[in-house]
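Visitor: Quick one: sequence plus predicted model below, questions after.
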Amino acid sequence: MSSKKREDKPRAAEIVTREYTINLHKRVHGTGFKKRAPKALKEIRKFAEKVMSTKDVRIDTKLNKEVWKCGVKNVPRRIRVR
């Protein structure tokens, strides 16, 4: 048996958590009332793709409900995402 100590391997995919505040007001400005919430979700997805540099972005149900809580046309001005 060898007397080497077993070393911990570095984790390749280490989970990193960042918090961002997304200004939805400037991203949905000028959009028709019935398209504001869907446009906001598309913009959140686009922001996450740009920041995290990946195409695999999934919107959590809590985030979806937060965007839609005031209806299709009254989207929150800013939203905090992690």
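Guide: Cool, the structure landed.
Visitor: which sections of this protein are below the confidence cut-off?
Guide: Within the chain, the ranges that satisfy pLDDT under 70 run 1-13.
Visitor: ranges for the strands of it?
Guide: Along the chain, the segments classed as strands by DSSP state E run 20-23, 78-81.
Visitor: Which other helices and strands does the last one contact?
Guide: The one in question is strand 78-81. Where contact means 3 or more C-beta pairs under 8 Å, 6 or more residues apart in numbering; DSSP states H and E, strand 78-81 is packed against strand 20-23, helix 24-28, helix 36-52, helix 61-68. Using the backbone N, CA and C atoms, a C-beta is placed for each residue, glycine as well.
Visitor: The nearest residue to residue 33 once chain neighbours are set aside: how many residues sit nearby?
Guide: With C-beta to C-beta, 6 or more residues apart in numbering as the criterion, residue 33 has its nearest non-adjacent residue at 3.9 Å, and that residue is residue 73. The tally of other residues near residue 73 (other C-beta atoms under 10 Å) stands at 13.
Visitor: Need the strands of the chain in a markdown table (columns: mean neighbour count and distance to residue 57).
Guide: A markdown table is the format used below for the strands of the chain (neighbours: other C-beta atoms under 10 Å; distance: least, C-beta to C-beta, whole Å):
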| stretch | mean neighbour count | distance to residue 57 |
| --- | --- | --- |
| strand 20-23 | 13 | 13 |
| strand 78-81 | 13 | 11 |
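Visitor: Out of these, which is closest to residue 50?
Guide: Residue 50 sits nearest to strand 20-23 of all the strands of the chain, at 10.8 Å, using C-beta to C-beta.
Visitor: quick one: which of the strands of the chain is nearest residue 61?
Guide: Proximity to residue 61, assessed across the strands of the chain by C-beta to C-beta, is greatest for strand 78-81 (13.5 Å).
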